[in-house]
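*Asks:* Please find the sequence and the predicted model below.
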Protein chains: 2
Amino acid sequence: MSREELKRRDRVSIGEFIFYRLHELGIRHILGVPGDFNLQLLDHIYKVPGLQWVGACNELNAAYAADGYARTVGIGAFVTTFGVGELSAINGVAGAYSEQIPIIHIVGTTSRMMQKAHVMIHHTLGENWDHTTYQRMSEPVRSASAFLTDETTAAAEIDRVLETAVKTRLPVYLFVPVDVSDIIIDASPLVKLLNVEVHNIGREADEDRVVLEIIELIEKATNPGIIVDMLVQRHGLVEDTKSLISLIDAPVYVTPLSKSFIDESDVNFAGLYCGVMSSSPEVRACAEGHDFMLHLGPFPTSSNTGGFSNNIPTEKSVKLHPGYCSIGNKSWESLHFRPVVEKLVLHFSQHPCQRKAKSSLPLPKTINNLEIDQSNDPLDHARFWARMNMYLQPGDCVIAEVGTAQFGSLEFKLPNEVQYFSQFYFGSIGFTVPALLGALLARKSLGLSGRAILLIGDGSLQLTVQEIGTIIREGFTPTIIVVNNAGYTIERFIHGPEQQYNDISTLWDHQKILSFFGAPKSRSYTARTYAELSKVLLNEDFQKSDCIQLLEVFFEKMDLPRKLLSLGELAREREAR
Amino acid sequence: MSREELKRRDRVSIGEFIFYRLHELGIRHILGVPGDFNLQLLDHIYKVPGLQWVGACNELNAAYAADGYARTVGIGAFVTTFGVGELSAINGVAGAYSEQIPIIHIVGTTSRMMQKAHVMIHHTLGENWDHTTYQRMSEPVRSASAFLTDETTAAAEIDRVLETAVKTRLPVYLFVPVDVSDIIIDASPLVKLLNVEVHNIGREADEDRVVLEIIELIEKATNPGIIVDMLVQRHGLVEDTKSLISLIDAPVYVTPLSKSFIDESDVNFAGLYCGVMSSSPEVRACAEGHDFMLHLGPFPTSSNTGGFSNNIPTEKSVKLHPGYCSIGNKSWESLHFRPVVEKLVLHFSQHPCQRKAKSSLPLPKTINNLEIDQSNDPLDHARFWARMNMYLQPGDCVIAEVGTAQFGSLEFKLPNEVQYFSQFYFGSIGFTVPALLGALLARKSLGLSGRAILLIGDGSLQLTVQEIGTIIREGFTPTIIVVNNAGYTIERFIHGPEQQYNDISTLWDHQKILSFFGAPKSRSYTARTYAELSKVLLNEDFQKSDCIQLLEVFFEKMDLPRKLLSLGELAREREAR
């Protein structure tokens, strides 16, 4: 139904109301797992044109998939059932909360009558038990929630919760009793779009003050730099930031959690900055040598700062963040960075930057000119990632799982327009298989045609492997690179290199995965040497990726990517101190 | 180390202390998933002779497996890591809480220093975030917990939590900071065994009053009956209950959640009583016709009472429960049933029951005399369960997954000494594959040699399929019966029979599961007709179950077991009222 048709409608069910709003936010696929307390709700998905139900194999996977969806279109949604479903998903929601991904978790609950009578129905926890207990459990992993028990306030409650999700970029919950989704309410609120604008109400003077000071500092700087960090993308400021970079004309650094948000072929692109894990010592030195650093959307987690080895002096830093803006040691708390960034762009568009000095860029790495390695040397992390890098094409989607794949893929020099993500902060192993499903659905709805490439270790794969079945059912054709090192290598690196607890079942036959899950057409390969790897990567069919394909690459159990080794050195240095 | 050797030891690490206590409680396998905040803790497992680490594919599965373990030996334990691990497992713990299974969830957390400084390390939820937040989330699904931050109280805290687990038969949590497990403490508390005895302190008079009244009622009854319900087994009263049944010599009924706790060939065994879902209308009538009913360990969930269609008048009922004892309308709150049951057994052992009248039993079903069905009729729920029943042998372990397998398997007349369970109350789909792993480990530690048979639908299988890989890695040889009805049939029955949301991927090739997970030897079969089914079930190798084997049985999408149809009728009747 178009907005025009919707305007002519007087009445709508609460279920439809929810799903119309999700469609309005750009959601085209509702993920989840059916359960007898959400089935009535799910019926309403089919009444909203352009909306589709995509069942996942389990609820944790549905949450991860909604997260991958949201990383791609900006927001995602999934439905679970009371207790068993919502609790199974809670770690996926926590991950989204952690990395600030807005996902809407809709839970079909017991009926209002059952809630009132504390009925000992399935999925409850005992006699005379309060059915809202589960709702309390998820409180720390959401920024808003509504329990839709009253049809007279349902529309306003839904809108409040959805608007909060967009503004905070954090997960939210809607709890819908099984007897509520069919209730018919006034449709008129739907005519007005959700209000998701962000303002610093009553603080225009603060905004102007901050903007003015930043302009002065930039004009005065002899060697300014810019760090584009994770929250820039989370708050939809990537395009503004690109404009600002070009207007200020200064070297720009990304972090592990913002990698791919700025094209790496941009004339100002300087590399990855995260202390000891930076692109190179030269990049690190360059970043730490600026006399002014504009840090946009900072997200100072251990993994995003090379184990807190970042070293940009506060007095040289300006930090613009959704929760504060700071210049040196002065901070304006609760001043949202969006209006500030917008005003900076506006200013420099109208008054071009007068600064004469030009910051120098670190020398770019030139891995694209590498010769193709055809040796019979066994694969190793020292050379593998550069070789894989040559396989990447503009427009690809690259997802890296926690572990060696994550640290190895940080070495990629990404072609333009590549979507890249990895859960660098929350670090929940198994996240990426379902996240790939979500990203594929989202990319389909956006009409993105690039290839999708998942990089995942054999250990992580075991947590969520079944979602490959859903990817196949939905007809997607990603490439899955399985890093086979016989267990949890990143943990062997941390502690207990020879301990049995870091082993997994090595009996799995990865070559059979795609046929087990019933891919109508698929290709599966192994590679143990660079010659074998090149044979696969140079195969034209493999490059086209026109059917789902899997490449299993074998590594020594204790072989590690460079960036993990740097972290190890850092830890040893600190212990020695 | 033996207890004698232990006595000679002065000092022990906190990690060893925990694992020695778990061993003392009968645990021989620690399940879980390693993570960098629990690795130091896991090292200590290897120092306790007779204890073994068994890694599961993911944390939810580890929790389910610990639950299956506890259903078999009485208690189970598993280890996860801070945040990502503990939250992934939370639904499995909730299931154990719901069905009163004591599992010990040990979480390796960030260090005390990191906790104090609110470090933004991986798995946390933001800047300056309280690391104990996750601990609050699991509060409703445990009966005790300890956060081991102080080595001077650690031993006492561990003991308090473990004793509570045993006494309450509910899950508990131990949170162990990564820097704590290696700390050396005084070993002497280990010399004293944990105190897990249950007493009604100061209420001996109440116990005696209840016992006296029950004795009078039993002696006076002309037609007494006994219901053995779930909590009898949970509180370790099965043997006492069997004695009591034989001493009182009255018909005994089980419920869905207590099926298998009483041998079905017992002379007093009357059948399954749960209202409309009882073994037969005759069994139901018999149960409801007694002039006195001793209801031991009642657990009145919807599923355990045929959707609350049980109908034993309160004035004829005595209920003995861990939280109360009641006679008709009189109730003694907080009077634990254990001492009462023990005193009843003691009384009737010393003063044999004088009652002359003998209760009549309903006619037993005689499915064991059925002829083997060799027809080419397609499999259907009306006949399948009786046919499967003939395959069962004394000593088997039978686990039934939520869905049609669960309701169908209620029709089994179980041979003696069969272990049977299904998650009838919590009803979390996917539970049984990991629970099978746990049960197999536990049965191994108990030296039980019977075959293990898992009954599971294709929908539920998709949630936790990877744990078949662990079962294979551990060398177990269960039989997995996959009920293939192309989706969530039990939900089609409840709502939306033709809706797409009740579909799953039907592309999975179940015949390839066992080879994908790398079983060194395996057998896989399909059956669509009774002739095909009989061919497999009569196969001697299949009966021996000397390697892992899978039998996929095909059903019509909407075909349902009888007991589900009864529930459907009940729902329609209630709606019509």
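*Replies:* Yep, that arrived.

*Asks:* Please report the distance of the closest residue in space to residue A:36 that isn't next to it in sequence from residue B:502.
*Replies:* Nearest residue to residue A:36 in three dimensions, chain neighbours excluded: residue B:494, at 4.7 Å (C-beta to C-beta, 6 or more residues apart in numbering or on different chains). All C-beta atoms are positioned from the backbone trio N, CA, C, and that covers glycine. The gap separating residue B:494 from residue B:502 is 9 Å, by C-beta to C-beta, to the nearest Å.

*Asks:* Give the residue from the two that has the larger number of neighbours.
*Replies:* residue B:502 (24 against 20; other C-beta atoms under 10 Å in any protein chain shown).

*Asks:* and residue A:554, what does it touch?
*Replies:* A:378, A:379, A:484, A:485, A:526, A:527, A:528 (C-beta atoms under 8 Å, 6 or more residues apart in numbering or on different chains).

*Asks:* tell me the domain boundaries of chain A?
*Replies:* A:3-191, A:204-350, A:368-567 (automatic domain parsing).

*Asks:* Need the winner for burial among these.
*Replies:* domain A:3-191 (a mean of 22; mean count of other C-beta atoms under 10 Å in any protein chain shown).

*Asks:* Centre of the chain to that one, how far?
*Replies:* 20 Å (C-alpha atoms, centre = their mean, to the nearest Å).

*Asks:* again, but for stretch A:508-518
*Replies:* With C-alpha atoms, centre = their mean, you get 27 Å for stretch A:508-518.

*Asks:* same deal with stretch A:263-283?
*Replies:* 21 Å.

*Asks:* Pull up the distance across stretch A:242-255, start to finish.
*Replies:* This stretch, stretch A:242-255, spans 16 Å end to end (C-alpha to C-alpha, to the nearest Å).

*Asks:* Show residues contacting it.
*Replies:* A:218, A:224-230, A:260-262, A:266, A:268-274, A:283, A:286-287, A:290, A:294, A:296, A:299, A:304-305, A:341, A:344-345, A:348-349, A:352-353, A:358-362.

*Asks:* what do residue B:494 and residue B:502 both touch?
*Replies:* residue A:39.

*Asks:* residues in contact with residue A:165?
*Replies:* Residue A:165 neighbours (C-beta under 8 Å, 6+ apart): A:75, A:102, A:103, A:104, A:143, A:144, A:171, A:172.

*Asks:* And it, how far from chain B?
*Replies:* Residue A:165 sits 16 Å away from chain B, taking C-beta to the nearest C-beta, to the nearest Å as the criterion.

*Asks:* now do residue A:405
*Replies:* Residue A:405 is 16 Å from chain B, by C-beta to the nearest C-beta.

*Asks:* and that residue, helix, strand or coil?
*Replies:* helix (DSSP: H, G, I helix; E, B strand; the rest coil).

*Asks:* any idea whether the residue most central in space within chain A is helix, strand or coil?
*Replies:* Taking C-alpha atoms, centre = their mean, the centroid of chain A lies closest to residue A:71, which sits 4.3 Å from it. Secondary structure for residue A:71, judged by three-state DSSP, is helix.

*Asks:* List the residues that contact the closest residue to it other than its chain neighbours.
*Replies:* Counting by C-beta to C-beta, 6+ apart, residue A:421 is the residue found nearest to residue A:71 once chain neighbours are left out, at 5.3 Å. Residue A:421 is in contact with A:68, A:71, A:260, A:399, A:400, A:435, A:439, counting by C-beta under 8 Å, 6+ apart.

*Asks:* can you rerun that using 10 Å?
*Replies:* A:67-68, A:71-72, A:99, A:101, A:233, A:257-261, A:397-400, A:431-432, A:435, A:439 (C-beta atoms under 10 Å, 6 or more residues apart in numbering or on different chains).

*Asks:* Check residue A:318 too.
*Replies:* A:210, A:213-214, A:217-218, A:224, A:226, A:292-296, A:325-328, A:330, A:340.

*Asks:* ok, which stretches of the stretch 451-577 of chain A are strands?
*Replies:* A:452-457, A:479-484, A:522-527, A:548-554 (DSSP state E, counting those that start in this stretch).

*Asks:* Now do the same contact list for the nearest residue to residue A:458 once chain neighbours are set aside.
*Replies:* The shortest distance from residue A:458 to any non-neighbouring residue, by C-beta to C-beta, 6+ apart, is to residue A:484 (4.7 Å). Contact analysis of residue A:484 by C-beta under 10 Å, 6+ apart lists A:379, A:457-459, A:461, A:506, A:508, A:510, A:526-528, A:552-555.

*Asks:* so which of the residues you listed comes closest to residue B:200?
*Replies:* Nearest to residue B:200 among the contacts of residue A:484: residue A:459, at 49.8 Å, using C-beta to C-beta.

*Asks:* Quick check: chain neighbours aside, which residue is closest to that closest one?
*Replies:* residue A:488 (4.4 Å).

*Asks:* That neighbour is in contact with residue B:36, isn't it?
*Replies:* Yes. Look at residue A:488 against residue B:36 with C-beta atoms under 10 Å: they come within range, at 9.4 Å.

*Asks:* tell me, what's touching these two both at once?
*Replies:* Common neighbours of residue A:488 and residue B:36 (C-beta under 10 Å, 6+ apart) are A:494, A:496.

*Asks:* Show me the beta-bridge partners of the residue nearest to residue A:458.
*Replies:* residue A:554 (DSSP bridges).

*Asks:* Go ahead and confirm residue A:112 touches residue A:181.
*Replies:* No. Residue A:112 lies out of contact with residue A:181 (C-beta under 10 Å); the separation is 12.0 Å.
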